[in-house]
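Peer 1: Dropping a prediction and its sequence here:
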Amino acid sequence: KQEVTQIPAALSVPEGENLVLNCSFTDSAIYNLQWFRQDPGKGLTSLLLIQSSQREQTSGRLNASLDKSSGRSTLYIAASQPGDSATYLCAVRKATNAGKSTFGDGTTLTVKP
Amino acid sequence: DGGITQSPKYLFRKEGQNVTLSCEQNLNHDAMYWYRQDPGQGLRLIYYSQIVNDFQKGDIAEGYSVSREKKESFPLTVTSAQKNPTAFYLCASSIWSGGYNEQFFGPGTRLTVL
């Protein structure tokens, strides 16, 4: 059974700092990995999707990497801003289990002005 | 505007009642999903559907039912058999083109049992 872990559960940084969020998964047979942002009481907003054949994806100040062999993905946020404060979740879709994604519990990020 | 809508935003249920949560999408996506989120936790899959008139159980389907009569709509019924239904419910959709693509989410429905 796939297990997805995100450490730390919470992170607080001063504005302007570069930071890395971690996502680990136990089964490397994945189809893709997706990073999301969730604001309190809201739905999830897709940030980046990495297919299993890719090593990284970039969008603006965000860069996500994928290392299937070690079961890890990282989300790098450059020059953090207070508006980046939210919970960040990763989701892994298993190659042989059509339609099913396994989510981590998320990392709650606070960026202080 | 293309997107996923969920209604109502807040829903209150009395013990023993069935309630239905609405999910509609105009993204022309084939696949639709229902997830449940409990405080401080990630999402758990309830049901998903790849095509009209077909759906599959997820990890926590007990006490829930769905239908997929139209491509755009995937309503979720929370039955009285669901023992702990208070949670945040999220609907999602994605393209299903022989692969597994990016999921997009609706704004969610918060269900509270009185």
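Peer 2: Received it, and whenever you're ready, just let me know what you need.
Peer 1: so A:Gly83 sits in a strand?
Peer 2: No: per DSSP: H, G, I helix; E, B strand; the rest coil, A:Gly83 lies outside any strand segment and is helix.
Peer 1: so how far is chain B from the closest residue to it other than its chain neighbours?
Peer 2: Leaving aside its chain neighbours, A:Gly83 sits nearest to A:Val111 (7.8 Å; criterion: Cβ to Cβ, 6 or more residues apart in numbering or on different chains). Where you see a C-beta, it was placed from the backbone N, CA and C, and this is true even at glycine. For A:Val111, the distance to chain B equals 20 Å [Cβ to the nearest Cβ, to the nearest Å].
Peer 1: Near the residue of chain B found nearest chain A, how many other residues are there?
Peer 2: Using Cβ to the nearest Cβ, the closest approach of chain B to chain A is made by B:Gly42 at 3.5 Å. For B:Gly42, the neighbour count with other Cβ atoms under 10 Å in any protein chain shown is 21.
Peer 1: wait, B:Val66 sits on B:Asn53?
Peer 2: No: if you go by Cβ atoms under 8 Å, B:Val66 and B:Asn53 don't touch, sitting 11.4 Å apart.
Peer 1: Which one of the two is surrounded by more residues?
Peer 2: More crowded of B:Val66 and B:Asn53, by other Cβ under 10 Å: B:Val66, with 21 against 9.
Peer 1: Nearest residue to the more buried one in space, ignoring adjacent ones along the chain?
Peer 2: Leaving aside its sequence neighbours, B:Val66 sits nearest to B:Tyr47 (Cβ to Cβ, 6+ apart; 4.5 Å).
Peer 1: May I ask you to confirm that the one you found is in contact with B:Gly63?
Peer 2: No: the pair B:Tyr47 / B:Gly63 is not scored as a contact, 11.4 Å apart, by Cβ under 8 Å.
Peer 1: With neighbour numbers in mind, choose between these two.
Peer 2: Per other Cβ under 10 Å, whichever of B:Tyr47 and B:Gly63 has more neighbours is B:Tyr47, with 23 against 15.
Peer 1: Shouldn't the more buried one be within a strand?
Peer 2: Yes: under three-state DSSP, B:Tyr47 falls within a strand.
Peer 1: wait, what's in contact with it?
Peer 2: By Cβ atoms under 8 Å, 6 or more residues apart in numbering or on different chains, the contact set of B:Tyr47 is B:33-34, B:55-58, B:61, B:64, B:66, B:76.
Peer 1: per-residue pLDDT, it?
Peer 2: We have a pLDDT of 96 for B:Tyr47.
Peer 1: what's the answer for the one 3 residues further on, then?
Peer 2: On pLDDT, B:Gln50 comes in at 88.
Peer 1: Pull out the buried positions in the helix or strand containing it.
Peer 2: For B:Gln50, the host element (DSSP states H and E) is strand B:43-51. Under the neighbour-count criterion of 16 or more other Cβ atoms under 10 Å in any protein chain shown, strand B:43-51 has B:43-49 buried.
Peer 1: Please apply the same query to stretch B:23-38.
Peer 2: Using 16+ other Cβ under 10 Å as the test for burial, stretch B:23-38 gives B:23-25, B:29-37.
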